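Novice: next input, structure requested:
(one chain, ligands or ions: 4)
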Amino acid sequence: MRMAALRFWMAVLILSSGPVATLAQTCPQYAPSGGTIVTASGCGSASNPCPVGQPITLTIVPSSAPGQSCDTITWFFGDSTTATTNGNYSTAHTYAGANSSTYVSAKIQNSLGTNYAYNYYLTIANGFIILPTSAVTAVENSGAAHVQVQRSTSTGSVSVNYSTSNYSAIAGYRYVATSGTLTFSPGETIKTIDIPLIDNSVYDGDQAFNLNFSGLTNGYLLQGYSSSIAVTIKDDELPPSLAFSSNTYRASERDGSVTITVNRSGDLTRTVSVNYGDNVYSSGGTIPPLSGTLVFQSGETSKSFVIPITDNDFYDGDQTFQLSISNPSGGVLANGSYSLYASLTIADDEPRPVFSVSDISVVEGNSGTTSSNFVISMTGKMRNPTYFYLSGVSGTATSGVDYTLPPSSLTIAAGATSTTFPITIIGDTTVEPKRRPAVARFQSPAKPAAPAPSSTMIPVWDRRLKRWLSACGEPCFSASGHLRQCLRW
Ligand SMILES: [Ca+2]
Ligand SMILES: [Ca+2]
Ligand SMILES: [Ca+2]
Ligand SMILES: [Ca+2]
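Specialist: Numbering: from 1, shown residues only. Ligands and ions are numbered 1, 2, ... in the order given. Okay, the predicted model is just below:
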């Protein structure tokens, strides 16, 4: 066998150096096509890494032209080593260390050309250390945080170093700085790291520290991309909580001011602040625009602010305002939101004005006209002008025959309590029987700021008695502020 092979290679050498080209043309027949590099065992993925410290068979799979014995193949490995396998599309390589993503490439050359084959993402590891993938939490007063670490295989042993570092939680205040080496013995797949927690009696909120891993032995890798996890310490104290002392406040317009109190519950040790305001945006009203900040020092359970009240002498009705606290710092609002509201009602100390028309008595006369004035009065002032329309309503005294009314509207000015309007009596010599009175009607065309009298009746002239009869002795209000006639005869 050995002699036959030797003779064959000699024949090739002789023929390839001679003038007959038949065999010389067989190699190379093609320029290299390049291709991909695969592992013989199919290892190399993250779920099936190739072992560390053991030969791995790597083979070029040409993309089109087949491999040829005359191709020169130079291999380049991710660990910075190289190898050459002339005419051989396979090689074995041993990676000395674990790597989550290394590469191997091959340069393929012959006299017709050069091309390359690649595999960029080989995972080399004997196993993985698996850190918790879900959030790790521990309650502040539970003694310690427990972090469970696993590994992907139970063979052999592996160790990994761990140490804590601050994130929002500070070592020595919320937890005990901890470091060490975790060692899995053969057969062990789960180990637990305990980090002592420091309990206190103040509200700190939830805070976290990092647990960092490094120095894995025995060809192990950390699974995934992170070498640390966050451990969250859940506070067992309640946060400072702020709320109004009442959902509704009420004061009289004559009180001068009203004091609004905000209470704090939960943790009392820290300084907490909150903004407040009365949500009034224009001056000149019963209460002014007001805003500020309440600061609760340590131990303080309530703070107040004072809203001045402007007394006036007109009827403006009860007024309700919205109070708010918002943007708490160092604590929370009782509703868990950014803002919390209460209402403040300022009760008017002026009664709603009563509306009346004075009686007047006028002697008719036998001819011509006689003028007189009615006085329309209100028992108090209104914030806004009060408007009325005046119109005659047919009764026993007939408009235009017995009297005339001015066809105009009437106004009691803002702050005034009365106005007048004229009536003209037409004289004659007729003796007239008792008649039903005529009625004049008042109507408020628009509802003013506060409910206003909407209609009333005025006295009418009785020609038999020669005097004015009282009509309604009091104003007629309607709940809606719209016209309602008041007829009593
Ligand atoms: Ca505590
Ligand atoms: Ca605490
Ligand atoms: Ca008043
Ligand atoms: Ca008032």
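Novice: now do the same end-to-end measure for stretch 78-92.
Specialist: The first and final residues of stretch 78-92 sit 14 Å from each other (C-alpha to C-alpha, to the nearest Å).
Novice: now do that stretch, average pLDDT.
Specialist: Per-residue pLDDT values over stretch 78-92 give a mean of 95.
Novice: gap between that stretch and the chain center?
Specialist: A distance of 59 Å separates the C-alpha centroid of stretch 78-92 from that of its chain, computed with C-alpha atoms, centre = their mean, to the nearest Å.
Novice: and it, what's buried?
Specialist: Neighbour counts over stretch 78-92 (16 or more other C-beta atoms under 10 Å) mark 78, 85, 89, 91 as buried. For every residue, glycine as well, the C-beta is placed using N, CA and C.
Novice: could you do stretch 205-222 as well?
Specialist: If you call a residue buried by 16+ other C-beta under 10 Å, then stretch 205-222 has these buried ones: 207, 208, 209, 211, 213, 216, 217, 218, 219, 220, 221, 222.
Novice: adding distance to residue 418 and secondary structure, write the buried residues of stretch 78-92 out as JSON lines.
Specialist: Listed next are the buried residues of stretch 78-92 as JSON lines, based on distance: C-beta to C-beta, whole Å; DSSP: H, G, I helix; E, B strand; the rest coil:
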{"residue": "78", "distance to residue 418": "103", "secondary structure": "coil"}
{"residue": "85", "distance to residue 418": "119", "secondary structure": "coil"}
{"residue": "89", "distance to residue 418": "117", "secondary structure": "coil"}
{"residue": "91", "distance to residue 418": "116", "secondary structure": "strand"}
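Novice: can you name the two of those residues that are farthest apart?
Specialist: 78 and 89 (19.4 Å; C-beta to C-beta).
Novice: residue ranges of the helices in this protein, please?
Specialist: Counting by DSSP state H, the chain has helices at residues 2-17.
Novice: near ligand 1, which residues of it?
Specialist: Counting by C-beta under 5 Å from the ion, the residues of the chain close to ligand 1 are 140, 141, 199, 236.
Novice: let's see if you can find the most crowded of those residues.
Specialist: Tallying neighbours with other C-beta atoms under 10 Å puts residue 140 at the head of the residues of the chain next to ligand 1, with 21 neighbours.
Novice: which residues touch it?
Specialist: The neighbourhood of residue 140, defined by C-beta atoms under 8 Å, 6 or more residues apart in numbering, consists of 174, 197, 198, 199, 200, 204, 233, 234, 235, 236, 237.
Novice: what of residue 136?
Specialist: By C-beta under 8 Å, 6+ apart, the contact list for residue 136 reads 145, 147, 211, 229, 230, 231, 232.
Novice: can you rerun that using 10 Å?
Specialist: For residue 136, the contacting residues are 145, 146, 147, 148, 195, 208, 211, 229, 230, 231, 232, taking C-beta atoms under 10 Å, 6 or more residues apart in numbering as the criterion.
Novice: same question for residue 159.
Specialist: Contacts for residue 159 were tallied using C-beta under 10 Å, 6+ apart; they are 129, 181, 182, 183, 184, 185, 191, 215, 216, 217, 218, 220.
Novice: repeat the analysis, applying 6 Å as the threshold.
Specialist: Applying C-beta atoms under 6 Å, 6 or more residues apart in numbering to residue 159 gives the contacts 181, 183, 217.
Novice: for the buried residues of stretch 205-222, which one is nearest residue 354?
Specialist: Checking the buried residues of stretch 205-222 against residue 354 by C-beta to C-beta gives residue 207 as the nearest, at 66.9 Å.
Novice: circling back to that earlier point, hmm, which two among the contacts of residue 136 are most spread apart?
Specialist: When the contacts of residue 136 are compared pair by pair using C-beta to C-beta, the two farthest from each other are 148 and 208, 17.3 Å apart.
Novice: returning to what we had before: mind checking which of the contacts of residue 136 are in strands?
Specialist: Of the contacts of residue 136, the ones assigned to strands by DSSP state E are 145, 146, 147, 148, 195, 208, 211, 229, 230, 231, 232.
Novice: which residues in the stretch 251-400 of the chain form strands?
Specialist: Counting by DSSP state E, counting those that start in this stretch, the stretch 251-400 of the chain has these strands, from start to end: 257-265, 272-277, 291-296, 302-308, 314-315, 319-329, 332-333, 339-347, 355-357, 369-378, 381-382, 386-393.
Novice: tabulate those (CSV), appending distance to ligand 2, mean neighbour count and mean pLDDT.
Specialist: Listed next are the strands of the stretch 251-400 of the chain as CSV, based on distance: least, C-beta to the ion, whole Å; neighbours: other C-beta atoms under 10 Å; pLDDT from 0 to 100:
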stretch, distance to ligand 2, mean neighbour count, mean pLDDT
strand 257-265, 16, 17, 97
strand 272-277, 15, 20, 97
strand 291-296, 18, 16, 98
strand 302-308, 23, 15, 98
strand 314-315, 56, 20, 86
strand 319-329, 18, 17, 95
strand 332-333, 15, 20, 96
strand 339-347, 24, 18, 97
strand 355-357, 66, 21, 70
strand 369-378, 64, 16, 80
strand 381-382, 59, 22, 84
strand 386-393, 63, 18, 63
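Novice: dump those strands into a markdown table; add distance to ligand 4 as well.
Specialist: What follows is these, written out as a markdown table (distance: least, C-beta to the ion, whole Å):
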| stretch | distance to ligand 4 |
| --- | --- |
| strand 257-265 | 15 |
| strand 272-277 | 23 |
| strand 291-296 | 25 |
| strand 302-308 | 15 |
| strand 314-315 | 5 |
| strand 319-329 | 9 |
| strand 332-333 | 33 |
| strand 339-347 | 9 |
| strand 355-357 | 17 |
| strand 369-378 | 14 |
| strand 381-382 | 9 |
| strand 386-393 | 15 |
